[in-house]
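Chemist: Everything below, folded, please.
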Amino acid sequence: MVGYFAPHEGTNFVAYGLISFTSLAEYEAYRVRLKADQQGRANFLFALEAGFILQEKRSFLSCIEQTYLQGVNAL
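Modeler: Prediction:
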């Protein structure tokens, strides 16, 4: 898990959860484990029933190594 990100300004109904895997196969294995996990399923169903999840989209990104963590200590 990289982290969860919620807006500081602007829209109040969009948030991001970033996770990182070394390969697509590792991600697919994670999804299988997550679907089989009783607590994970219960948490997802709670979020759906409570209306926390309005829409779910997935994007698969590649890190641009030359830019990764640039300026992190600048703030």
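Chemist: C-alpha only now, for contacts and for neighbours.
Modeler: Noted.
Chemist: low pLDDT regions in this structure?
Modeler: Applying pLDDT under 70 to the chain flags residues 72, 74-75.
Chemist: show me where it has helices.
Modeler: Under the criterion DSSP state H, the chain contains helices at 24-36, 38-50.
Chemist: Tell me which of those lies nearest to residue 65.
Modeler: When the helices of the chain are compared by Cα to Cα, helix 24-36 sits nearest residue 65, at 18.4 Å.
Chemist: Could you check the angle the closest one makes with helix 38-50?
Modeler: For helix 24-36 against helix 38-50, the angle by axes from the mean of the first three to the mean of the last three Cα atoms, to 10 degrees is 80 degrees.
Chemist: for helix 24-36, packing partners?
Modeler: Packing partners of helix 24-36 (3 or more Cα pairs under 8 Å, 6 or more residues apart in numbering; DSSP states H and E): helix 38-50.
Chemist: Nearest to residue 56 among the helices of the chain would be which one?
Modeler: Taking Cα to Cα, helix 38-50 is the member of the helices of the chain nearest to residue 56, at 10.8 Å.
Chemist: in the sheet, who's paired with the most centrally placed residue in the chain?
Modeler: For the chain, residue 17 is the residue whose C-alpha lies nearest the centre (Cα atoms, centre = their mean; 2.6 Å). Counting by DSSP bridges, residue 17 is bridged to residue 4.
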